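**Q** A predicted structure for the sequence below; I have some questions about it.
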Amino acid sequence: MILIKNGLIIEDNKLIKKDILIHNEEIIDIEDEINMDCESIDCKGLLVMPGAIDVHVHFREPGFTDKETIKTGCLSAAKGGVTTVMPMPNLNPCPDCYKNLKLELDIISRDACVHCYPYGAVSVGENQLEASKVEEIHDLVYAISDDGKGVNNISLLEDVMRMAKKYDLVIASHAEDSVDGYLPQGEYVAVRREIELAKKIGCRYHFCHMSTKESFEAIRKARSEGYTNITCEVTPHHLVLNEEMIKDGNYKMNPPLRSEENRKATIEALLDGTAQMIASDHAPHTEEEKKREYNKCPNGIIGLETMVPIIYTEFVKTGKISLNRFLDLMVYNPISVFHLPKRGLKKGYVADLAILDIENPHTYTKDEILSKGKNSPFIGKTYYGFPKYTFVNGKLVYKR
């Protein structure tokens, strides 16, 4: 048994001091005071919350283990207070059939220290020419995506949407039109087109890393018309950075950092509920790759270790969002949208916990990073809410 003493939990938008008792994998008691002769951790002044859920990460294995592995990616997640991750399928081999997905699942079962639910692909090899073998993998995944590429083969996308509807899977879209690419209209033209398809087919459709005012307007309108199966996420970097802040390759990602007007629109979408969740789009690369000149280095930054502190500091601590909304964005909405296993801070639930230091600021350094990638624009930045402890299935998987 493990006893978490004097921690603060969120109840009705307030921080309430409670003791939490963990036995085997579960929370077995939550009381004002528990006295038990067992291992205990004094969490006075620390926020105890259900572990965060990140529905958008890139762990690069199999295929690109010089950038990241499932093991290092999961350690990075644990360090960030993230206890459930969903790795994207831009891998080699691509999880577009049972054989390829099984290879990834076997590595996960061996090396993952957090819950790891991989995506299947929309198309074979993400080549947009042939639909993946959704019928072979539908019971092993919660969602499918060709993330990293916009699906511009509309007939293929319609076919896969019908399969996703049949098997009750989410399609997660990297909305990018082939004509305008990284430009703002490259995103919102694709978003508008895909919304109409999703309305027509009636599948669950999720837009990744939205970043433009027009995209949010289209999603907001669809949801106001009752199409609540159309959802989206936003990233910490699109919420707190804009294109004028770009310094080097560690600020390069896709979608790119946008104008200040688009950053404000991203915040508005977060505040008004148009965006249901935060996702890091954790995308590690080697230092050698990211040191190339800006237009020759690959897209992507790491984000698992800073996602929770950035949102806590910039949005909860400033009063822009409530404590309850913080939990919805980080935990409960991803579960609801993707139909993931239930998590929560209640008796009988699996003990997946992030225990955050919300009283003392911490400056993020390159030396502390557990990801193989060191490509973060947030190195040297100071935030509240970095985890001191992370538990998964009742086991301590990270301690600062």
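**A** Structure received.

**Q** what sits against the nearest residue to residue 334 once chain neighbours are set aside?
**A** Spatially, and ignoring its direct neighbours in sequence, residue 334 is nearest to residue 53 (4.1 Å; CB to CB, 6 or more residues apart in numbering). Bear in mind the C-beta positions are built from the backbone N, C-alpha and C, glycine included. For residue 53, the contact set (CB atoms under 8 Å, 6 or more residues apart in numbering) comprises 82, 83, 84, 85, 277, 330, 331, 334, 335, 340, 343.

**Q** mind listing what's buried in the helix or strand that contains residue 262?
**A** Assigned by DSSP states H and E, residue 262 belongs to helix 260-272. Neighbour-count burial for helix 260-272 flags 262, 263, 265, 266, 267, 269, 270 (criterion: 16 or more other CB atoms under 10 Å).

**Q** same question, stretch 311-328
**A** 311, 312, 313, 314, 315, 316, 321, 323, 325, 326, 327, 328.

**Q** so which residues of the stretch 251-400 of the chain form strands?
**A** Assigned by DSSP state E, counting those that start in this stretch, the stretch 251-400 of the chain shows strands spanning 277-278, 353-357, 362-363, 382-383, 386-392, 395-399.

**Q** which one of those strands lies closest to residue 221?
**A** In terms of CB to CB, the element of the strands of the stretch 251-400 of the chain nearest to residue 221 is strand 277-278, at 19.5 Å.

**Q** rewinding a little: the residue nearest to residue 334 belongs to a strand?
**A** Yes - per DSSP: H, G, I helix; E, B strand; the rest coil, residue 53 lies within a strand segment.

**Q** quick check: it vs residue 271, distance?
**A** 20 Å (CB to CB, to the nearest Å).

**Q** list the contacts for the most centrally placed residue in the chain?
**A** With distances taken as CA atoms, centre = their mean, the residue of the chain nearest its centroid is residue 54 (2.4 Å). Contact partners of residue 54, counting by CB under 8 Å, 6+ apart, are 77, 82, 84, 85, 86, 279, 280, 282, 304, 307, 334.

**Q** I'd like those laid out as JSON lines, including neighbour count and distance to residue 209.
**A** What follows is the contacts of residue 54, written out as JSON lines (neighbours: other CB atoms under 10 Å; distance: CB to CB, whole Å):
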{"residue": "77", "neighbour count": "35", "distance to residue 209": "18"}
{"residue": "82", "neighbour count": "31", "distance to residue 209": "16"}
{"residue": "84", "neighbour count": "24", "distance to residue 209": "18"}
{"residue": "85", "neighbour count": "30", "distance to residue 209": "15"}
{"residue": "86", "neighbour count": "25", "distance to residue 209": "13"}
{"residue": "279", "neighbour count": "26", "distance to residue 209": "7"}
{"residue": "280", "neighbour count": "30", "distance to residue 209": "9"}
{"residue": "282", "neighbour count": "31", "distance to residue 209": "11"}
{"residue": "304", "neighbour count": "31", "distance to residue 209": "15"}
{"residue": "307", "neighbour count": "26", "distance to residue 209": "13"}
{"residue": "334", "neighbour count": "26", "distance to residue 209": "14"}
